[in-house]
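Chemist: Sequence and predicted structure, then a few things I'm wondering about:
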Amino acid sequence: MLFASLQYMLFLPAVVLLFWFLPKSFRMPMLLIASWYFYSCWCPPMVLLIIAMTVANFYMGRMLSRAPKEKKRTIFGVGTALNLLCLGVFKYGNFAVTNVSSVVGFVSGNDPHWTLNIILPLAISFFTFEFIHYLFEIYRGNKPIDSFVLFSLFAAFFPTQIAGPIKRYPDFVKQMTADRPFDISLFDRGLMLIIIGLAKKVLVADNLSALVNMVMTEPGAYGSVELWIMALAFTFQIYFDFSGYSDIARGSAMLFGYDIPINFNMPFASKNIAEFWQRWHMSLSSWLRDYVFLPVWFASKRDRWQTHKALFLTMVICGFWHGASWTFMVWGAFHGLALIIHREFADWRTKTGIWKTFFEGQVFRYMSIVMTFLTFCVSLVIFRSPDIQTSYSIIKRMFIWKNFYSPATDGQFLMARPDLPIIVPLALFILALMLIQNLPLSALIEKKAFQTTPVPLKAAFYTLLVVAMLVYFPSDSQPFIYFQF
């Protein structure tokens, strides 16, 4: 069930009405059943997987909390290993077998073409990370969730089920057990987030995808400028697509009185790559920091090079988490190296006095923002490409300016669809607006100024976005990009 679908637009209000009209004791079970139904709409048998993993982690958490101190480490290790094994089999089984088959073919000269044809369960990366987080926190001494219904809802809560944000169970449990009275202001804020999220997805991201897909189908037919435009377009596409999803998820959760973490905080205003990862996909970045980087770092000598190793390993894992492909691993390694280079440069900058005035000035600040943004754009070419060779070819053509545009396109590059000349400036305008205000567009509704805006003005704003979506609704609307992870 896609957020940007009529089915969801009927499902969400029905569940919200049931939630607020039912007695309090029935709300959580109803919301859990609705969440499992939401997941089963994609592939009914696969809901059994998330239920089985929920049962296993629920009892593993109880065992971990009651175990003597000397056994906790073993139980935690077994629980984490089982979660990772499940993720590995379903997400990386095909990848592993295919690569082993290629190696055998290379050695023997006869590729057996082995394959498992395993179906990748929707959102397995997200709820597996939430389960591991839960066991880790119990191992640290936090109390487990006593109610199976509440624990199941923590993992299955449908607004965040498919692509996050990745929740932290202590915060979410407090909200599930709190006495939440009905508040009409939740609908004012929640519906606005949903409408803005849909506009980001339908109006901007889906229309930009036409341009990106056209170029990526035959990248060798395009020149340097066109490839740079494609890279910029995909950067805007993935931002508006994923932040749009996050807005819809937050808005949907808000209708039930839940406040889930934000996932983006003006990432394109970052002055360096480290700051960028504090602002982009924040729930994943903080998860990797707390459960990968810090444990690895604390287990090492914590010197300069061990820190670099921990950073690099964390980002490679981040890349591989995104998908079973060498392109994702290289993308993660790219960012690992970028973080190491940034740390080395920052250390050198503090020790040199010659350029101190320049480094502290506004010119360097804006240069840093532009360089960080362009670095991310180049990395996304690797992320989007079907294989390493294609990404290398595109990046090479981007930086070796043999021609500004390809004669084969006959100047019709931006006419991939008639409305692209409108959509591209629109995306740039929205991005400029966000940079000027240093504020995500969706966060406007969090401000009291907007909440106190006269109803007619807010209604006009809603109407403007809805009309724009209807006018520019693409005929080939795509699923959210992060659904595949």
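Modeler: Nice, I can see it.

Chemist: where in this protein is pLDDT low?
Modeler: 1, 106, 401-454, 472, 474-477, 483-485 (pLDDT under 70).

Chemist: And the residue nearest the centre of it?
Modeler: His281 (5.2 Å; Cα atoms, centre = their mean).

Chemist: That one touches Phe264, doesn't it?
Modeler: Yes: the criterion here is Cβ atoms under 8 Å, and His281 meets it with Phe264 at 7.4 Å. All C-beta atoms are positioned from the backbone trio N, CA, C, and that covers glycine.

Chemist: Spit out the residues that contact these two alike.
Modeler: Residues touching both His281 and Phe264 (Cβ atoms under 8 Å, 6 or more residues apart in numbering) are Phe242.

Chemist: how close does Tyr169 get to Phe240?
Modeler: Using Cβ to Cβ, to the nearest Å, Tyr169 is found at 30 Å from Phe240.

Chemist: Pull the number of nearby residues for Tyr59.
Modeler: Counted with other Cβ atoms under 10 Å, the neighbours of Tyr59 add up to 14.

Chemist: now the one 4 residues further on
Modeler: Residues near Met63, counting by other Cβ under 10 Å, number 17.

Chemist: Just the CA atoms of stretch 317-328, as CSV, please.
Modeler: These are the backbone C-alpha positions of stretch 317-328, laid out as CSV (Å, rounded to 0.1, in the frame of the first residue of the first chain):
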residue,chain,number,x,y,z
ILE,A,317,28.0,-1.0,6.5
CYS,A,318,25.8,2.0,5.8
GLY,A,319,26.3,1.5,2.1
PHE,A,320,25.7,-2.3,2.2
TRP,A,321,22.6,-1.7,4.4
HIS,A,322,21.1,0.1,1.5
GLY,A,323,21.2,-2.9,-0.8
ALA,A,324,22.9,-6.0,-2.0
SER,A,325,25.1,-4.4,-4.7
TRP,A,326,28.7,-3.5,-5.1
THR,A,327,27.6,0.0,-6.0
PHE,A,328,26.2,0.6,-2.6
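
Chemist: what residues does that stretch touch?
Modeler: 91-92, 94-95, 125, 129, 284, 288, 292, 329-333, 335, 382-383, 385-388, 391, 484-485.

Chemist: Of the residues you listed, grab the buried ones for PyMOL.
Modeler: Selecting only the buried entries of the contacts of stretch 317-328 in PyMOL, with 16 or more other Cβ atoms under 10 Å as the criterion:
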select buried, resi 91+92+94+95+125+129+284+288+292+329+330+331+332+333+335+382+383+385+391+485
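
Chemist: Of Tyr169 and Phe240, give the one with the bigger neighbour count.
Modeler: Phe240 (26 against 22).

Chemist: Now the element after the helix or strand containing that one, going C-ward?
Modeler: Take DSSP states H and E as the rule and Phe240 turns out to sit in helix 224-254. Next helix or strand after helix 224-254 toward the C-terminus (DSSP H and E): helix 273-279.

Chemist: same for the helix or strand that that following helix is followed by, what does it pack against?
Modeler: Counting by DSSP H and E, the next helix or strand C-terminal to helix 273-279 is helix 282-288. Using 3 or more Cβ pairs under 8 Å, 6 or more residues apart in numbering; DSSP states H and E, the elements in contact with helix 282-288 are helix 124-140, helix 304-322.

Chemist: Residues touching the first one, excluding its own?
Modeler: It refers to helix 124-140. 49-50, 53, 57, 60-61, 64-65, 72-73, 76, 79-80, 83-84, 86-87, 90-91, 144-145, 154-156, 160-164, 166-170, 284, 287, 291, 321-322, 485.

Chemist: Report the buried members of those.
Modeler: 49-50, 53, 57, 60-61, 64-65, 72, 76, 79-80, 83, 86-87, 90-91, 144-145, 154-156, 160-164, 166-169, 284, 287, 291, 321-322, 485.

Chemist: check contacts around the closest residue to Val202 other than its chain neighbours.
Modeler: Excluding the flanking residues, the one nearest Val202 by Cβ to Cβ, 6 or more residues apart in numbering is Met469, at 4.8 Å. By Cβ under 8 Å, 6+ apart, the contact set of Met469 is 198-199, 202-203.

Chemist: Apply 6 Å and report the result again.
Modeler: 199, 202-203 (Cβ atoms under 6 Å, 6 or more residues apart in numbering).

Chemist: Assign a three-state SS to it, would you?
Modeler: Here Met469 is recorded as helix under DSSP: H, G, I helix; E, B strand; the rest coil.

Chemist: From Leu203, how far off is it?
Modeler: 5 Å.

Chemist: Likewise for Arg140?
Modeler: 44 Å.

Chemist: Equivalent analysis for Ser246, please.
Modeler: Using Cβ to Cβ, Ser246 is found at 16 Å from Leu203.

Chemist: neighbour-wise, which of the two wins?
Modeler: Ser246 (30 against 24).

Chemist: May I have the residues that are in contact with that one?
Modeler: Ser246 is in contact with Asn263, counting by Cβ under 6 Å, 6+ apart.

Chemist: Would you map out the domains in this structure?
Modeler: 6-182, 186-484 (automatic domain parsing).

Chemist: how about Leu82, secondary structure?
Modeler: Of the three states, Leu82 takes helix under three-state DSSP.

Chemist: next one: Leu122
Modeler: coil.

Chemist: Setting aside sequence neighbours, what's the nearest residue to it?
Modeler: Trp42 (5.0 Å).

Chemist: Can you give the contact residues for the one helix or strand Leu186 maps to?
Modeler: Element membership of Leu186 [criterion: DSSP H and E] is helix 184-198. For helix 184-198, the surrounding residues in contact (Cβ under 6 Å, 6+ apart) are 4, 244, 247-248, 250-251, 254-255, 257, 442, 445, 462, 465.
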